[in-house]
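Asks: Output the structure for:
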Amino acid sequence: MTSWTEMPLAAFDLETTSPDPHTARIVSACVLRIDGGQVARRHWIANPGIPIPAEATEIHGFSDEYVQKHGHPHDQVVAEVVAELRAVWAEGRGLTVYNANYDLSLIATQDPTFTVGGLVVDPFVLDKQYDRYRKGAGQRKLSAVMIHYGMRLDDAHDAEADALAAARLAWKLPRVYPTLAEFAPDQLMERQTHWYREEGHRYADWLRRNDRDPSTVRTEWPIQTAPESEAA
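Replies: Numbering: from 1, shown residues only. Predicted coordinates for the structure are as follows:
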């Protein structure tokens, strides 16, 4: 058995128009390949073809005027990102994506032919499994998780910075929790799928106990299907 930690890594992140992966469009994207101390970067700016809400601009800094001047057509960016992700997996790399369910679901929504073609490493899922009871509002945000594990993220919500942070967490977590390194790639995929599903069920149960609606809780990973109301 070969540990997933022996695989070369890539990393991926999107900045978008909204928090709903089934309706959001890409504003910027980055795919990194990490080989030792060397990082190869590919970065995109997309014109999403729809207005960028002010609250999204406040988060990532991209305005309508900027993407209209500097962005490439949205469909072109989607196609190039999909080709890059497929190439990463074809090279035998693990793809690190923090909260992969968002980024990969968005890509699958924009390109229904897209499927996961190799290992996905999701530090959001791993951290939540191995340190489930950590308290505090916002403790699962990428910047907070970086601090928790002794690292910094100075430019959060920049696609390149967030992708690199995810890769650093993928390197760090199996050193903090050595049992993580015992999984082969296919085992890690199965475990993450299971852990995400179980966490969703726990959260849904908590909502029910507190007389709240659990219907929006999703349990699929790393790509979730659109709710019926959005798929219709």
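Asks: Relative to Ala11, how far out is the residue nearest the centre of the chain?
Replies: Most central in the chain under CA atoms, centre = their mean is Ala100, positioned 3.0 Å from the mean C-alpha point. As judged by CB to CB, to the nearest Å, Ala100 and Ala11 stand 11 Å apart. The C-beta positions use only the backbone N, C-alpha and C, and glycine is treated the same way.
Asks: Surely Arg42 is within a helix?
Replies: No - under the criterion used here (DSSP: H, G, I helix; E, B strand; the rest coil), Arg42 is strand, not part of a helix.
Asks: For it, name its beta-bridge partners.
Replies: Val31 (DSSP bridges).
Asks: got it, and the one 4 residues further on?
Replies: The residues listed as beta-bridge partners of Ala46 by DSSP bridges are His72.
Asks: neighbours of it, just the number please.
Replies: For Ala46, the neighbour count with other CB atoms under 10 Å is 27.
Asks: just Asp155 next, same as before
Replies: Counted with other CB under 10 Å, Asp155 comes out at 14.
Asks: So it is in contact with Ala165, correct?
Replies: No - between Asp155 and Ala165 there is no contact under CB atoms under 8 Å: 9.2 Å.
Asks: For the longest helix belonging to the chain, give the mean pLDDT please.
Replies: Of all segments of type helix in the chain, defined using DSSP state H, the longest is helix 185-209. The pLDDT scores in helix 185-209 average 96.
Asks: Show me what that helix is packed up against.
Replies: In terms of contacts (3 or more CB pairs under 8 Å, 6 or more residues apart in numbering; DSSP states H and E), helix 185-209 is packed against strand 120-121, helix 123-130.
Asks: Make TSV out of those and add distance to Arg42 and mean neighbour count.
Replies: Listed next are the helices and strands packed on helix 185-209 as TSV, based on distance: least, CB to CB, whole Å; neighbours: other CB atoms under 10 Å:
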stretch	distance to Arg42	mean neighbour count
strand 120-121	18	28
helix 123-130	21	21
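Asks: how about CSV for the ones you listed, with distance to Ala226 added?
Replies: CSV is the format used below for the helices and strands packed on helix 185-209 (distance: least, CB to CB, whole Å):
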stretch, distance to Ala226
strand 120-121, 19
helix 123-130, 20
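Asks: what would the ones you listed look like in JSON lines with mean pLDDT?
Replies: JSON lines is the format used below for those (pLDDT from 0 to 100):
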{"stretch": "strand 120-121", "mean pLDDT": "98"}
{"stretch": "helix 123-130", "mean pLDDT": "97"}
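Asks: Ok, which of these comes nearest Pro185?
Replies: strand 120-121 (9.1 Å; CB to CB).
Asks: Glu199 and Arg25: what is the separation?
Replies: Glu199 is 28 Å from Arg25, by CB to CB.
Asks: does Pro51 really touch Asp64, like I thought?
Replies: Yes - at 5.9 Å, Pro51 counts as touching Asp64 under the criterion of CB under 8 Å.
Asks: Between these two, which is the more surrounded one?
Replies: When Pro51 and Asp64 are compared on other CB under 10 Å, the one with more neighbours turns out to be Asp64, at 16 against 10.
Asks: can you give me the helices in this structure?
Replies: Ranges of helices in the chain, per DSSP H, are 54-60, 64-70, 74-90, 100-110, 123-130, 142-148, 159-176, 185-209, 228-231.
Asks: Looking at the ones you listed, which is nearest to Arg41?
Replies: helix 159-176 (6.2 Å).
Asks: Can you tell me what sits against that closest one?
Replies: 5, 9-15, 28-32, 34, 39, 41, 43, 94, 96-98, 121, 123, 126-127, 130, 142-143, 145-146, 149-151, 153-156, 180-181 (CB atoms under 8 Å, 6 or more residues apart in numbering).
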